[in-house]
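> predicted model and sequence follow; I will ask about them next.
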Amino acid sequence: MSTIDSTAIDTSALDALLQQAADSGAVPGIAAVVSTRDGVIYEGAAGRLHAADPDAPAVDTSTVFRMASMTKAMASVAALQLIEEGRLALDTPVQDVIPAFGELQVLDGFDGDTPILRAPARPPVVQDLLTHTAGLGYFFSSAKLTKWHEVTGAPVVLTGLKSSLMAPLIHDPGTIWEYGVNTDWLGMVVEAITGSTLDAVLQERVFGPLGMDDATFRPTDEQRTRLMGIHSRQADGSLAPAPVDLPPDPEFAAGGHGSYATAADHGRFLRALLRGGELDGARILKPETVDLMFTDHIEGITQPDGIVSAAPELSNDVPALPIKTGWGLGLALRHERIPGFRAAGSGDWAGLFNCYYWIDRESGLSAAVLTQVLPFFDQKVVETLLAFELALYADAPA
């Protein structure tokens, strides 16, 4: 294990990168947290909650962010806890827990505007949900699903309506990695087994034990005063208030995108996984379960060449990395190291509003870089992220 010497990290360079990102208009505001197994080694922030308001509060360690798809790892931990307890298994058919899931069919295409639907080749299982191989998709990354929503009038998942989850599969289970509403359904599985809402389960089993004091699915009025506004990148490169937001009172706690937290909160979650499932005496997963989480479960399953956007106002195209990657139970995996960056075996993912995290167990580091900008994979934010990671690993072993 090539653990990084945290004392050699130039935190002033990290501060300068965040400040430059805010000053240049790359972000309205930004926060970052970096931890080792032993503690937090960097917390930084720059910019304001609202770019257009010079009197808006400054971003700091108390700033609240919409975590969006960074929620997925948290909901996955809740499901893995149930697997540890023997109340769920990776090979459990989802429809055995939620009978309505068995109603979902595969969308093969359209006859004019009439959807062509058929039964899936096999029932999706819990592992398919954890690895995005159930055949489910997202409207913003599937032109086929976008058309299905248009011709049926069915709501999309970002509306917060439970009925949005009844969108069809777009592949047979176990045939291809396809990013989609898998973790929202996984949250429904957790609710069905526990008899409680996902947000209550996570509060009891993850947020509370780890001291994630501002982590929530329903921000209070006070927390909303610390919530960064969502900004949209304009054609001239500037930022303006975005015309979209997550619903303030969703019908369900969305395991795929519904949580809010501060950088410090999320840093504690990442550090617990970095430490094998335990932090400050609170254990959320057994070490062997964390190992399973960081094991590739999609070997032999087709991975697409990146993610193509079907909603450019929400996401840019996301290219595939030039290295071998995979997917564990709730997070993406890198099987190779790009020189200057995190080590092979690292797990990571991101959130729609340009939040990013990674857990590098080989180097002994976890990190999150958070802002609130649309569309996803914004070039200026990604450039900041890459510069931050390069600075962090400047003295890492080759």
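On my side now, so go ahead.
> surely Arg37 forms part of a helix?
No - counting by DSSP: H, G, I helix; E, B strand; the rest coil, Arg37 is not part of a helix but coil.
> residue ranges in the chain under the pLDDT threshold?
Counting by pLDDT under 70, the chain contains low-confidence ranges at 1-2, 397-398.
> what ranges does it have for its helices?
For the chain, helices defined by DSSP state H occupy the ranges 11-23, 71-84, 94-97, 126-131, 143-152, 182-194, 198-202, 208-210, 221-224, 263-274, 287-293, 379-392.
> how far off centre is the fourth one?
Using C-alpha atoms, centre = their mean, to the nearest Å, we find the averaged C-alpha position of helix 126-131 to lie 15 Å away from the chain's own average C-alpha position.
> what residues of it count as buried?
Val126, Gln127, Asp128, Leu129, Leu130, Thr131 (16 or more other C-beta atoms under 10 Å). To be clear about C-beta, it is placed using only N, CA and C from the backbone, and glycine gets the same treatment.
> sorry, back to before: for Ile116, which of the helices of the chain is the nearest?
helix 143-152 (10.4 Å; C-beta to C-beta).
> quick one: buried residues of the closest one?
Per 16+ other C-beta under 10 Å, helix 143-152 contains these buried residues: Lys144, Leu145, Thr146, Lys147, Trp148, His149.
> closest to Leu365 among those?
Distances from Leu365 to those, taken by C-beta to C-beta, are shortest for Leu145, at 36.5 Å.
> residues contacting the closest one?
Leu107, Gly137, Tyr138, Phe139, Ala167, Pro168, Ile170, Ala310 (C-beta atoms under 8 Å, 6 or more residues apart in numbering).
> what distance do you get for Gly208 to Leu365?
26 Å (C-beta to C-beta, to the nearest Å).
> more neighbours, those two?
Leu365 (29 against 13; other C-beta atoms under 10 Å).
> go ahead and confirm that one touches Leu392.
Yes - using C-beta atoms under 8 Å, Leu365 makes contact with Leu392 at a distance of 7.2 Å.
> overlap in contacts, these two.
Joint contacts of Leu365 and Leu392 (C-beta under 8 Å, 6+ apart) are Val34.
> spit out the contact partners of His335.
Asp296, Ile323, Lys324, Thr325, Gly326, Ala344, Gly345.
> check contacts around the fifth one.
Read that as Gly326. Neighbours of Gly326 in contact, by C-beta under 8 Å, 6+ apart: Asp296, His297, Ile298, Glu299, Gln303, Ala332, Leu333, His335.
> where's Ala143 relative to Ser309, distance?
Ala143 is 10 Å from Ser309, by C-beta to C-beta.
> likewise for Gly29?
25 Å.
> tabulate the buried residues of helix 143-152 in TSV, adding columns for distance to Arg224.
Shown next, in TSV, are these (distance: C-beta to C-beta, whole Å):
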residue	distance to Arg224
Lys144	36
Leu145	31
Thr146	31
Lys147	35
Trp148	34
His149	29
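> count the residues that sit near Gly306.
Neighbour tally, Gly306, other C-beta under 10 Å: 13.
> looks like it contacts Ala320 (just checking).
Yes - judged on C-beta under 8 Å, Gly306 makes contact with Ala320 at a distance of 4.3 Å.
> what is in contact with those two at once?
Counting by C-beta under 8 Å, 6+ apart, nothing touches both Gly306 and Ala320.
> OK, contacts around Asp53?
Applying C-beta under 8 Å, 6+ apart, no residues qualify as near Asp53.
> that one and Gly47, how far apart?
12 Å.
> also Gly256?
27 Å.
> what's Gly86 sitting at in phi/psi?
Phi and psi for Gly86, reported as degrees, to the nearest 10, are phi 80, psi 10.
> what is the neighbour count of it?
Neighbours of Gly86 (other C-beta under 10 Å): 7.
> tell me how many other residues crowd Glu212.
Actually, residue 212 is Met rather than Glu. Neighbours around Met212, by other C-beta under 10 Å: 24.
> for Met70, see how far away the closest residue to it other than its chain neighbours is.
Closest residue in space to Met212, ignoring its immediate chain neighbours: Asp265 at 4.0 Å, by C-beta to C-beta, 6 or more residues apart in numbering. Distance, Asp265 to Met70, using C-beta to C-beta: 11 Å.
> ditto for Tyr357
6 Å.
> and those two? Which one has more around it.
Between Tyr357 and Met70, counting by other C-beta under 10 Å, Met70 is the more crowded of the two (27 against 24).
> surely that one touches Leu352?
No - using C-beta under 8 Å, Met70 is not in contact with Leu352, being 9.3 Å away.
> wait, what's in contact with Met70?
Per C-beta under 8 Å, 6+ apart, neighbours of Met70: Ser259, His266, Trp349, Ala350, Gly351, Cys355, Tyr357, Ala368.
> run a quick neighbour tally on the residue nearest to it when sequence neighbours are not counted.
Here the nearest residue to Met70 in space, its sequence neighbours aside, is Gly351; by C-beta to C-beta, 6+ apart that works out to 4.3 Å. If you count neighbours by other C-beta under 10 Å, Gly351 ends up with 24.
> one more: Ile298?
For Ile298, using other C-beta under 10 Å, the count is 20.
> now do His266
By the criterion of other C-beta under 10 Å, His266 has 27 neighbours.
> beta-bridge partners for the closest residue in space to Arg226 that isn't next to it in sequence, please?
Excluding its sequence neighbours, the residue lying closest to Arg226 (C-beta to C-beta, 6+ apart) is Val64, at 4.7 Å. In this entry, Val64 is beta-bridged to Leu227, Thr262, by DSSP bridges.
> roughly how far apart are Val64 and Ala32?
Distance from Val64 to Ala32, by C-beta to C-beta: 15 Å.
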